[in-house]
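> Just a sequence and a predicted model for now, questions to come.
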Amino acid sequence: MTASLHILGIRHHGPGSARMVNIALEALKPEVILIEGPPDADELVTLASHKDMKPPVALLVYDPENPSDAAYYPFARFSPEWQAIQWGLKHGSPVRFIDLPRALRPEPPTTPTGTDDDADEEDDSEPGDDTAAAESRRTDPLEALASAAGYSDGEAWWGRLIEERRGDIEPIAVFQAIHDAMAAVRAECAPSALDPDEPAREAHMRRAIRAALKDATGNIAVICGAWHAPALTEAALKATTAKADDATLKGLPKRKTATTWIPWTYDRLAFDSGYGAGVSSPGWYDHLWLDHTAFSERWITKVARLMRTEGLDASPASVIETVRLAQTLSSLRGHGTPSLAEMNEATLAVLCHGNPFPLQVIERKLIVGQRLGKVPADAPSVPLHRDLSAQQKSLRLKVSALDFELDLDQRKEIDLARSRFLHRLLLLEIPWGTRAHDQRQRTSTFHELWTLQWKPEFAVSVIEAARYGNTVADAAAGKVRALANAATDLPSLTAMLDDVLLADLPSSVQVLISRIQSVSAVSADIGHLMNALAPLVKILRYGNVRKTDAALVEPLVAGLVGRICAGLMPACGSLNDEAAAEMRARIDAVHTTLVMLDNKQFLSDWSTQLARIGDADIHGLVAGRCWRHLLDSHQADSAAASSRLSMALSPGNDPAKASAWIEGFLAGSGTVLVHDPQLLAIIDEWVTSLPAASFEQICPIGRRTFSTFEAPERRMIGEKIRRGLKPPSVGASQTGDSAAESNDYDPRRGSLVDPVLRLIFGDSAL
């Protein structure tokens, strides 16, 4: 008895196609089912029937030596291929994949895009790269057919014709019609012109079909993308000989591959994710698959339920009116049942009251959907993935495609363990959790705020990280050691040390400390030393709150502070404007860091260096900044600052240098001018004495400096100048009545706050 071949051309993710495939398989009772998919994964097909397998899922095929070279083959429960697999496993029919194996495909020059290898609709450009996508996107056969049918959108045409079809249908006849339509399109456009891999893929599929025909005696069902259907028929097998197909496949590179099942998400099935074979509305298609009857009423009910959870009104009466409007729109357009377009128009008009913003939420959460699949625990995986899953379970961390916030109080053991786990994943470049910041984070040292969202591509990151260790802790420690040995940049090493302490990896701490000591010992760049100080001081200041051994970094901090103080003066000499701005920023960072640490010896050594630099003949931006820090930290009094300011602004100095000194002294805050009229008077007198040409030269610098002040500061300074300032008496201290007068102090009004101060501080303090 001769085997009979039946080609079922489908849309890769379509509920109507899936329903027709089921009906056709029930009628054909095929002996063998051949599916367009990676033969590398044939051994994993049986896992599709596991009770813990919950679509959407994907087959991940990757190079074990280079896991980033990977391809995904997603399946939803409404995917025709998934339904064919389920039918075959249930009825005992062998199921085989027949597409060109990943092992025979050349290694790509760049990282994968996260799309599967469907040549009908695939887009190999990087997600988000609109230019590349526009250049590489091939002519979609659906668009050509839709245009011929009078539709402007191929997706809407196919959805109306196939996926949203209702009533009794004869699937074999529909598949024949699809075959004829695709044959007409292929006649107008050579497949190889659309995709250079197309000839090899179709040659391999024909080879697999010939092998099945040779061994089988009953029906053979081939489920493939509609585009390939005309190339796989019996007529095509005769037109292209086995010898010709073998010649096409000869010489293809061979390499090792590994395969596993991974969870997938509906938003990764959508076009917008960059998935070339995606659909525009996975959530809607899922609804069509599950709710084949009364689907309009059930869909609008889902929409109303979502709107209520979002705090929006959606009454039963509005639901009824929305359904009626959708059905009326469909009838007016000559359709038997409403499509998604009519549903959205009715929802916008009735439930959303014409406001498009709620419809955006509906699109994201319902039309696209955020469903996350699940795979069995015994699916092939690396040991690191098994440890990751076990820790997610033991720490009660929900794995979800939805992003949600997690507020960790590190005084609690389980939250501290969660924090360490998430920090370890960040070290492994698996950003399941990202740090968030709000007022609670800024006002407490024991709170950590995270946003968690699981993404399918993390599966590849886990496989890549597996080479460093079999557990999350071991892998993180192994990667830190590898990065530390390769690093030559001191700031990155100290930042990494902070991450390691947060991740509680004691075995890596000593490795990093030794490496930091080695690099800092030979580093002659004071800028690098200054940049490296802040992360270490942060550890030393807050380490005890996080239950880390902060004392380990104290010798490093002491060494860095000593080297910075010793080399700061030479590093500040001969600076141009750009280098002076960078040095000012570094001085600000070091000063803030040391003030936060509050080590008297460090502050004393640092202040000594600031005083030396402030009095030296160096760039005014740096010298002025040093004096500002001395004044703010009470290492210099107002009289000394006034004297130095008067010297910097003396008539013999270049106005450009003088304005740079003022910018360094004042940038960021005008508080000192608000509370010290003597300094303000010096600057006011200098500005008013400038010739017109010099004023035009320094005016942009002055505007830039004063623009950094807060609005209330600028207003108060302006009011003081408007009222008039007395000529400064440089070197004279503001004491007695003169100080009170210059500060506009009214003793009578000041005494009014005495009762409040006594209540706050107590009588003994005043």
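Structure's in. What do you need?
> and the next element down the chain from the helix or strand of the chain with the lowest mean pLDDT?
Taking mean pLDDT, DSSP states H and E as the measure, the helix or strand of the chain with the lowest value is helix 130-136, at a mean of 36. Per DSSP states H and E, helix 130-136 leads on to helix 141-148 as the next helix or strand towards the C-terminus.
> in the strand ranked longest in the chain, what's buried?
In the chain, assigned by DSSP state E, the strand with the most residues is strand 66-75. If you call a residue buried by 16 or more other CB atoms under 10 Å, then strand 66-75 has these buried ones: 67, 69-75. For glycine as for every other residue, the C-beta is placed from the backbone atoms N, C-alpha and C.
> Now for the residue nearest the centre of the chain: which residues touch it?
The residue lying closest to the centre of the chain (CA atoms, centre = their mean) is P431, at 7.9 Å. Residues in contact with P431, defined by CB atoms under 8 Å, 6 or more residues apart in numbering, are L425.
> Quick check: phi and psi on it?
P431 has phi and psi values of phi -80, psi 60 when expressed as degrees, to the nearest 10.
> Check the gap between it and S492 for me.
18 Å (CB to CB, to the nearest Å).
> circling back to that earlier point, which SSE is immediately downstream of the longest strand of the chain?
Next along the chain from strand 66-75, counting by DSSP H and E, comes helix 80-91.
> Now do that next one: distance to the chain's middle.
Relative to the chain's own centre, helix 80-91 is displaced by 36 Å; criterion: CA atoms, centre = their mean, to the nearest Å.
> Helix, strand, or coil at I220?
strand (DSSP: H, G, I helix; E, B strand; the rest coil).
> Kindly apply the preceding question to V399 instead.
Following three-state DSSP, V399 is assigned to coil.
> give me the number of residues near it?
16 (other CB atoms under 10 Å).
> list the contacts for V519?
With the criterion set at CB under 8 Å, 6+ apart, V519 makes contact with 487-490, 493.
> Would you reformat these as CSV and include neighbour count?
Below are the contacts of V519 laid out as CSV (neighbours: other CB atoms under 10 Å):
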residue, neighbour count
A487, 16
T488, 10
D489, 14
L490, 23
L493, 23
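> Strand partners (parallel or antiparallel) of the longest strand of the chain?
When pairing is defined by DSSP bridges, strand 66-75 lines up against strand 57-63 (antiparallel).
> and the partner strand with helix 80-91, angle?
Here the directions of strand 57-63 and helix 80-91 differ by 100 degrees (axes from the mean of the first three to the mean of the last three CA atoms, to 10 degrees).
> Extract the C-alpha trace of stretch 23-40 and format it as PDB.
What follows is stretch 23-40, C-alpha atoms only, in PDB (Å, rounded to 0.1, in the frame of the first residue of the first chain):
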ATOM      1  CA  ILE A  23     -10.100  18.400  12.400                       C
ATOM      2  CA  ALA A  24      -7.800  17.300   9.500                       C
ATOM      3  CA  LEU A  25      -5.800  15.000  11.700                       C
ATOM      4  CA  GLU A  26      -9.000  13.400  13.100                       C
ATOM      5  CA  ALA A  27     -10.100  12.800   9.500                       C
ATOM      6  CA  LEU A  28      -6.700  11.600   8.100                       C
ATOM      7  CA  LYS A  29      -5.500   9.500  11.100                       C
ATOM      8  CA  PRO A  30      -1.900  10.000   9.900                       C
ATOM      9  CA  GLU A  31       0.600   7.300  10.400                       C
ATOM     10  CA  VAL A  32       3.400   9.900  10.700                       C
ATOM     11  CA  ILE A  33       3.200  13.600  11.500                       C
ATOM     12  CA  LEU A  34       6.000  15.800  10.100                       C
ATOM     13  CA  ILE A  35       6.300  19.400  11.500                       C
ATOM     14  CA  GLU A  36       8.400  22.300  10.400                       C
ATOM     15  CA  GLY A  37      10.800  22.600  13.300                       C
ATOM     16  CA  PRO A  38      14.300  21.800  14.400                       C
ATOM     17  CA  PRO A  39      15.200  18.100  14.100                       C
ATOM     18  CA  ASP A  40      17.800  18.800  16.900                       C
END
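> Need the mean per-residue confidence for it.
Here stretch 23-40 scores 94 as its mean pLDDT.
> Give me the buried positions along it.
Here stretch 23-40 shows 23-25, 28, 30-40 as buried, counting by 16+ other CB under 10 Å.
> can you pull the buried residues of stretch 459-475?
Residues of stretch 459-475 classed as buried by neighbour count (16+ other CB under 10 Å): 459-466, 468-469, 471-475.
> Rounded mean pLDDT for it, please.
In this model, stretch 459-475 carries a mean pLDDT of 90.
> What lies in contact with it?
If you take CB under 8 Å, 6+ apart as the criterion, stretch 459-475 is touched by 60, 62, 67-68, 70, 112, 260, 262-263, 382-385, 387-388, 391, 421, 424-425, 428-430, 476-479, 482, 505.
> how far does it stretch from start to finish?
15 Å (CA to CA, to the nearest Å).
> For E81, which non-adjacent residue is spatially closest?
Leaving aside its sequence neighbours, E81 sits nearest to I35 (CB to CB, 6 or more residues apart in numbering; 5.1 Å).
> Wait, the one you found touches Q83, no?
No. Counting by CB atoms under 8 Å, I35 stays clear of Q83, with 10.5 Å between them.
> Against which helices or strands is the helix or strand containing C626 packed?
Assigned by DSSP H and E, C626 falls within helix 620-632. Applying 3 or more CB pairs under 8 Å, 6 or more residues apart in numbering; DSSP states H and E, one finds that helix 620-632 contacts helix 577-597, helix 600-615, helix 638-648, helix 655-666, helix 671-675.
> Packed most tightly, which of those helices would that be?
Of all the helices and strands packed on helix 620-632, helix 655-666 has the most neighbours on average by mean count of other CB atoms under 10 Å, namely a mean of 23.
> where exactly do the strands run in the chain?
In the chain, strands defined by DSSP E lie at 4-10, 32-35, 57-63, 66-75, 95-97, 219-225, 258-263, 404-409, 433-436, 447-452, listed in chain order.
> Who are the contact partners of A148?
So A148 contacts nothing (CB under 8 Å, 6+ apart).
> ok, it to W157 distance?
Using CB to CB, one gets 9 Å for the distance from A148 to W157.
> Kindly report the same for K256.
On the measure of CB to CB, K256 and W157 end up 42 Å apart.
> Please report how far L422 lies from A476.
11 Å.
> Looking at the two now, which is surrounded by more residues?
A476 (28 against 24).
> Wait, that one touches S507, no?
No. The pair A476 / S507 is not scored as a contact, 10.1 Å apart, by CB under 8 Å.
> Dump the contacts of V519 to TSV, plus distance to G14 and pLDDT.
Listed next are those as TSV, based on distance: CB to CB, whole Å; pLDDT from 0 to 100:
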residue	distance to G14	pLDDT
A487	50	83
T488	54	79
D489	51	78
L490	56	80
L493	53	85
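> Quick one: those residues as JSON lines, columns for distance to F97 too.
Converted to JSON lines, the contacts of V519 look like this (distance: CB to CB, whole Å):
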{"residue": "A487", "distance to F97": "44"}
{"residue": "T488", "distance to F97": "47"}
{"residue": "D489", "distance to F97": "47"}
{"residue": "L490", "distance to F97": "52"}
{"residue": "L493", "distance to F97": "47"}
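> Closest one to D197 out of those, please.
The closest of the contacts of V519 to D197 turns out to be A487 (CB to CB; 40.2 Å).
> Below-threshold pLDDT in the stretch 551-700 of the chain: ranges please.
551-552, 651-652 (pLDDT under 70).
> switch the cut-off to 80
Applying pLDDT under 80 to the stretch 551-700 of the chain flags residues 551-554, 556, 638, 641-642, 645-646, 648-656, 658, 667-700.
> Could I have the ChimeraX command that selects the buried members from the contacts of stretch 459-475?
Written as a ChimeraX command, the selection of buried residues from those, which uses 16+ other CB under 10 Å, is:
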select :60,62,67,70,112,260,262,263,382,384,385,387,388,391,421,424,425,428,430,476,477,478,479,505
